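Engineer: After the sequence you'll find the predicted model.
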Amino acid sequence: MDLLPRSHTEFSSAAYWDKFFRKRGEKAFEWYGEYPELCGILHKYIKPQEQVLVVGCGNSRLSEDLYDVRYRGLTNVDISDVVVRQMTERNAEKRAEMKFLQMDVMKMDFPDSSFSAVLDKGTLDALMPDSQSETQERVTRMFDEVGRVLKVGGRYVIITLSQEHILEKLMQYFPQEGWITRVHKVSDSDRETSQKEMPLPVFIFVFTKFKKMPQMNKILEVCLDGTDAMQRLSCEEDVMKAVKERQHYAMLRQQLQNRGLEGETVSLELFSSTSSSSVPKYVLHIMDTDTVRAADRQFAVFIVPQGREVEWLFATDEGRRQLAGTAGFRRLVVVSLQREHPYETMAEIQKELSAKVMELAPPGFNRKIQVPFLSVGADIGTRTVCYEGTSKFSGPYVVEDVEGEEGVIFRNLIFLTNRNAVQSQARMVQENLPKKKGRRRAGKKLVVDCGYLACQYQRAMVAGLGCLPNVRQLLDTRLDVVLVGLGGGGLPLFLHNHFSKMQMDVVELDQSILQVAEGWFGFQQDDRMRVHIADGLVYLEERAKQDKSCHVVILDVDSKDVTVGMTFPPQPFVEKKCLKNIKGILHEDGLLILNLVCRDVTLRASVVETVRSMFPRILSKKIEDEVNEILLCFPREKDVHQGGDTKQMMEISLEELGNLKKAVGVVEKVAKGCSQRWDQMLELTELLDGLKLA
């Protein structure tokens with residue numbers, strides 16, 4: 001049966017609706033839910049004793065249901081004479097006081113201020129199928145008429161899907177007229193029976209008429225979480241954003257319930273209804289595995305312990321896919337806890353999330369099966385915020401201590417503009433304090449473990465020192481290093497503590513980062529390690545002019561430009577001008593160690609070619625499970641560890657690799673000799689495995 005128009009403009013045609021209701025007969029057509037689903041909100045704003053106008057009533061049972069619970073002042077209008085006659089006949093005996101009139105809502109016959117409430121169930125949506133100027137004018141006439149027949153203090157109650165052009169129209173009209181705006185979302189649990197037919201959420205907008213007054217503050221409130229608590233918003237844009245977020249979630253939920261993700265990862269943010277924070281309380285990542293699972297291995301939730309959301313396994317799509325495969329469930333929801341919110345226990349988190357995650361279950365999931373909540377260990381971990389500040393260049397940051405596996409404490413520096421990436425990390429250890437007189441035991445304090453390097457790429461940089469010609473002699477006499485990029489100071493601190501003959505100049509743009517390194521990460525300057533607060537490009541240029549040479553330049557500086565597919569280093573550091581300055585300050589047998597993070601394959605190739613124009617021989621070490629690539633760049637074609645002719649220089653021979661490993665062994669031996677606390681997991685020679693010509 002053809003019940004829908006061939007052109008959506010027919011929705012405003014009386015002829016179309018006459019035809020529609022003739023074909024449908026007396027069977028009620030409930031566009032957006034039935035009375036039990038809507039009454040909880042309607043009864044708050046419409047009282048039984050009031051005069052109520054129902055516009056575009058159609059053959060819906062909503063007016064009849066209201067009448068049956070003592071709403072006697074109901075007047076129904078519709079543009080279709082056919083449906084008005086049908087409804088009048090249907091209610092003549094049982095609901096004699098209820099009126100049905102044929103009338104155009106854009107030109108009604110009622111006197112001004114006739115009604116205390118106007119109820120619109122889907123009529124606005126039918127009259128506004130698009131945002132064309134003719135449609136806009138038609139809807140404006142309808143709004144003007146509603147405002148005319150409503151008393152001051154009366155409510156215009158609209159049940160709508162709130163498509164984008166309708167939402168914009170509502171927000172452009174009523175708040176500007178000084179009307180109070182409230183938005184409710186019809187509870188999904190109430191609409192469970194109709195979800196298959198209507199996956200989009202249904203909203204009820206309530207506009208309360210007030211006399212327009214100059215400089216009157218707009219009242220904009222929403223209640224979209226199924227509770228009775230209204231949330232006050234500051235502007236119309238915030239209302240629109242809140243509504244669109246609920247619509248997006250409904251579509252996402254429909255997608256998740258009807259099909260698998262087929263290799264993609266879906267992310268979702270859940271905000272606390274009791275907090276004003278703009279940061280979500282939970283971040284969910286949903287992924288499916290393609291392995292067929294038993295009935296009891298269909299769906300699970302994994303809670304990431306506090307502070308560990310920055311780890312590769314939990315912070316990256318690849319890591320989470322590996323986690324999902326290991327967990328052994330068809331669909332896994334990985335939940336991260338955010339530092340701005342308090343969390344009590346795993347049981348409390350499970351209670352808060354249980355209803356929501358059930359909406360994300362895979363197709364065909366048996367809801368009688370209890371969804372397991374998984375984690376690392378028995379609790380949710382601990383996170384202690386040590387310090388918060390703001391960098392002039394990188395924005396807000398936080399220093400926090402988090403508990404890792406086996407109770408090990410790690411201290412992280414995190415820039416909140418990229419909250420899932422650790423800028424710097426240190427491992428903390430307990431150190432005995434001097435025993436005070438009168439105390440049985442000496443106290444302890446947490447200190448930075450200077451023998452620990454958090455990142456694999458930093459370890460590869462240290463191993464790269466072994467590529468220096470005559471490295472043994474330099475480590476025994478004097479090794480001059482320029483390092484651009486301080487961060488938390490972990491790399492320079494490690495180098496300083498493990499190579500006693502190293503003289504290091506560290507260049508850092510941001511004074512606040514130096515203060516963080518000194519205050520929270522154990523970094524200290526002395527006569528062998530000096531920090532220069534300067535632009536690295538300017539420093540390298542000035543040093544080249546001074547003809548002040550060094551043996552090694554290390555570039556470990558990040559880019560703030562997110563529009564480029566390269567996050568380490570900033571583009572100017574790998575352009576010819578800067579590279580020429582670096583080559584100018586290096587000894588003839590010197591070495592440039594460059595941390596490169598470039599996801600753009602074409603850009604990466606261009607960078608390597610530019611670097612090669614100044615440094616003809618480049619060795620590359622790609623870091624497993626990280627996006628970093630370490631480039632070891634030599635100012636001349638032939639280095640001391642290499643033998644053979646030109647043809648052999650095109651690849652790394654086994655002989656050369658063996659020589660390099662021996663040299664790295666020397667570096668490791670010297671480092672261990674200076675160390676009071678050597679990380680037994682750190683094997684520098686193994687870090688040369690996979691070394692290639694760039």
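Structural biologist: Good, I have the coordinates.
Engineer: tell me the SS of Tyr249?
Structural biologist: Following DSSP: H, G, I helix; E, B strand; the rest coil, we place Tyr249 in the helix state.
Engineer: I'd like to know the beta-bridge partner residues of the residue lying closest to it once chain neighbours are set aside.
Structural biologist: Distance criterion C-beta to C-beta, 6 or more residues apart in numbering; nearest residue to Tyr249, sequence neighbours excluded, is Leu268 at 7.2 Å. C-beta here means a position set from N, CA and C on the backbone, and glycine is covered the same way. Beta-bridge partners recorded for Leu268 (DSSP bridges): Leu284.
Engineer: what are the bridge partners for Arg232, then?
Structural biologist: Per DSSP bridges, the residues bridged to Arg232 are Glu221.
Engineer: How many residues are close by it?
Structural biologist: Neighbourhood size, Arg232 [other C-beta atoms under 10 Å]: 10.
Engineer: Pull up the gap between it and Ala694, please.
Structural biologist: Computed as C-beta to C-beta, to the nearest Å, the Arg232 to Ala694 distance reads 57 Å.
Engineer: ok, the strand ranked longest in the chain: who's next to it in the sheet?
Structural biologist: For the chain, the longest strand by residue count, based on DSSP state E, is strand 586-598. Take DSSP bridges as the rule and strand 586-598 pairs in its sheet with strand 550-555 (parallel), strand 566-568 (antiparallel), strand 629-634 (antiparallel).
Engineer: So for Met213, what's the pLDDT?
Structural biologist: pLDDT, Met213: 83.
Engineer: quick check, it in a strand?
Structural biologist: No: counting by three-state DSSP, Met213 is not found in a strand; it is coil.
Engineer: In this structure it contacts Gly178, no?
Structural biologist: Yes: counting by C-beta atoms under 8 Å, Met213 does reach Gly178; the two are 6.3 Å apart.
Engineer: out of the two, which sits in the busier spot?
Structural biologist: Set Met213 next to Gly178 and count neighbours by other C-beta under 10 Å: Gly178 wins out with 17 against 8.
Engineer: which residues does the more buried one contact?
Structural biologist: By C-beta atoms under 8 Å, 6 or more residues apart in numbering, Gly178 lies in contact with 210-213, 216.
Engineer: Name the nearest residue to Val222, sequence neighbours excluded.
Structural biologist: Val183 (4.6 Å).
Engineer: Now do the contacts for that neighbour.
Structural biologist: Counting by C-beta under 8 Å, 6+ apart, Val183 makes contact with 203-206, 221-224, 239, 242-243.
Engineer: Distance of it relative to Val146?
Structural biologist: Look at Val183 and Val146: by C-beta to C-beta, they are 17 Å apart.
Engineer: before we move on, what about Met108?
Structural biologist: From Met108 across to Val146, the span is 9 Å (C-beta to C-beta).
Engineer: And Thr160, by the same measure?
Structural biologist: Using C-beta to C-beta, one gets 14 Å for the distance from Thr160 to Val146.
Engineer: same thing with Asp130?
Structural biologist: Between Asp130 and Val146 the distance is 21 Å, computed by C-beta to C-beta.
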